[in-house]
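Student: have a look at this prediction, sequence included:
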Amino acid sequence: MDLRTRKKRQTSPWIIRLLGLLIVFIPGSATAGPGICFLPDGLVGPCCQPANVVLPVFPEIEMRSKFICWESCDVRLCGGLDVRIRPVERACGYDSTRFSFTAAGGALSAWSGKLLMLYLRTWSEGNADGPEPRVQVWRFLVNGGLTPSATLLDRFGNNDCVVPPCALTFGKFQVTGYVDYALDCATKQWSVAFVLDHDCDVYEHDPCCSTRPGVFHPSTSYSWAGPEAGFVPDPGIRFPSGTLGMDEEAFRNNDFSLFPGTICQFEQPLAGGVLDVLGELCPCGGPGPLPAQYSVQSFTASSLCGSNTASIPFERWPGLVSKSIGVWTGPAYPGPEETYILRGWMTYFDGCDMTNTQEYFQGVETAFGYPSYTVPPFPIGSLRPPINSFQMDVANAVTTSGNTLVGSRYVSNKMTYGQMMPPP
């Protein structure tokens, strides 16, 4: 199907109603108590068959976070915010979670919204006390709309570095990103690391593909990151090139034709993949030398179940585009970890239904941090080498009928995630 034809069909309001039904009526995932560690997620099984995700009950988290306004690919404004992350609903592989940001010690409500969190995978990792498995992490990709409060609009509605101008037109603005929930298996304490992002016009409001096209903030973009402690915004760091190892993570599908049943499928083990950095750019701003906050990447991967994917250039996307957000520098979770937001178009051959599509994907890359391992971990003293902490996670942005969405809340039925091999 022609991509522009698909775009015309993607804004139908029934997607919102159907998504609501999906969350309400699909049987909830099996859960484990908050003190259980090194818990497999139940996604290992035969290719293309239905699966039930096994997840713990994630707690409500309140923490300090960082808000960054980027101007022409450099930091223009940076400040601390309180954030409350509250899971409110669960479906097969999805959590619906409310984010609420406040400032001035809670006196100023800033942004809030119910975001959709797609479960990707779990792993274990060390911490500041040592490299052996100590912490279990569950990663979600996040998307949805944030709404600025009436107070924020009244005080800062004309400040395009505080309120994205597109929110004045649409009432809210789309964010994408990720949330990592981490449970310290010794102390039983939960931690969270997250990044949300709203990009500049060239990607967020692209007239070729976005559901909300226009000229709103061509040189400005916005990011939220937590925890605030130890986080340093940095537009200049680069995710490393490398090879994705066999059996180190997977492809996975959601089958929306099974609605309202169990839509999750078992993982398709990764057969291998390659990630290359092709160049650097700043798509947000005018002529002249600008910081190269973004890198263009080439990505290919395949699964042992016959699926394969590859990044492609399309319209203003020169390939898979990685946006540098910053780095945590302290010993607390997630440790000395770099973080990036991914966007771009990819081909995807599905080995389960034998279809070949070309779709928009979004996701995250993280690098370094503490050594990571599979779950359950090998016994202490007989550990295989860690699978390292160069991680990449992407999922397509579609309606439940498979039409591509850019710039609006979406669901995903195709996911790819992998760990890069340690450098020689």
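Tutor: Alright, I've got the coordinates. Residues are numbered from 1 along each chain as shown.

Student: surely F170 touches P213?
Tutor: No - between F170 and P213 there is no contact under CB atoms under 8 Å: 11.2 Å. C-beta: built from backbone N, CA, C; applies to glycine.

Student: tell me the phi and psi of the closest residue to A167 other than its chain neighbours?
Tutor: Closest residue in space to A167, ignoring its immediate chain neighbours: F173 at 4.7 Å, by CB to CB, 6 or more residues apart in numbering. Backbone torsions of F173, given as degrees, to the nearest 10, read phi -140, psi 150.

Student: count the neighbours of F173 for me.
Tutor: 26 (other CB atoms under 10 Å).

Student: how much space between it and S408?
Tutor: 11 Å (CB to CB, to the nearest Å).

Student: equivalent analysis for S401, please.
Tutor: Distance from S401 to S408, by CB to CB: 14 Å.

Student: I341 now?
Tutor: 17 Å.

Student: over to L120?
Tutor: Remark: distance between L120 and S408 (CB to CB) = 21 Å.

Student: what does S65 give?
Tutor: 24 Å.

Student: same thing with L152?
Tutor: 22 Å.

Student: wait, is R252 part of a helix?
Tutor: No - using DSSP: H, G, I helix; E, B strand; the rest coil, the secondary structure at R252 is strand, not a helix.

Student: got a list of what it touches?
Tutor: Contact partners of R252, counting by CB atoms under 8 Å, 6 or more residues apart in numbering, are 43, 120, 264-268, 415, 417.

Student: apply 10 Å and report the result again.
Tutor: 43, 51, 93, 119-121, 264-268, 303, 305, 307, 395, 412-417 (CB atoms under 10 Å, 6 or more residues apart in numbering).

Student: which residues do F173 and S408 both contact?
Tutor: 145, 212.

Student: before we move on, back to that, S65 and S408: who's more crowded?
Tutor: S65 (23 against 19).

Student: what pairs with the helix or strand R76 falls within, and is each one parallel or antiparallel?
Tutor: Here R76, judged by DSSP states H and E, is contained in strand 74-91. Taking DSSP bridges as the criterion, strand 74-91 forms sheet pairs with strand 61-71 (antiparallel), strand 94-103 (antiparallel).

Student: returning to that earlier point: my guess is the residue nearest to A167 contacts S210. True?
Tutor: No - at 11.8 Å, F173 does not count as touching S210 under the criterion of CB atoms under 10 Å.

Student: what residues are shared contacts of these two?
Tutor: The contact sets of F173 and S210 overlap at 204, 407 (CB under 10 Å, 6+ apart).

Student: dig out what the nearest residue to A292 once chain neighbours are set aside forms beta bridges with.
Tutor: Nearest residue to A292, sequence neighbours excluded (CB to CB, 6+ apart): E280, at 3.5 Å. Beta-bridge pairing for E280 (DSSP bridges): S295.

Student: now do the same contact list for E280.
Tutor: E280 neighbours (CB under 10 Å, 6+ apart): 236, 238, 291-296, 322, 324.

Student: give me phi/psi at C48?
Tutor: Here is the backbone geometry of C48 (degrees, to the nearest 10): phi 70, psi 10.

Student: the closest residue to it other than its chain neighbours: which element?
Tutor: Closest residue to C48 apart from its sequence neighbours, by CB to CB, 6+ apart: C352 at 3.7 Å. In this structure, C352 is located outside every helix and strand according to DSSP H and E.

Student: C352 is in contact with E267, isn't it?
Tutor: No - using CB under 10 Å, C352 is not in contact with E267; the gap is 11.8 Å.

Student: with neighbour numbers in mind, choose between these two.
Tutor: Higher neighbour count among C352 and E267: E267, with 23 against 17, using other CB under 10 Å.

Student: OK, contacts around the more buried one?
Tutor: 41, 43-45, 47, 51, 121, 249-253, 303-305, 415, 417.

Student: out of those, which end up buried?
Tutor: 41, 43, 47, 51, 121, 249-253, 303-305, 415, 417 (16 or more other CB atoms under 10 Å).

Student: so, low pLDDT: which residues of the chain?
Tutor: 1-36, 245-248, 259-261, 376-388, 421-424 (pLDDT under 70).
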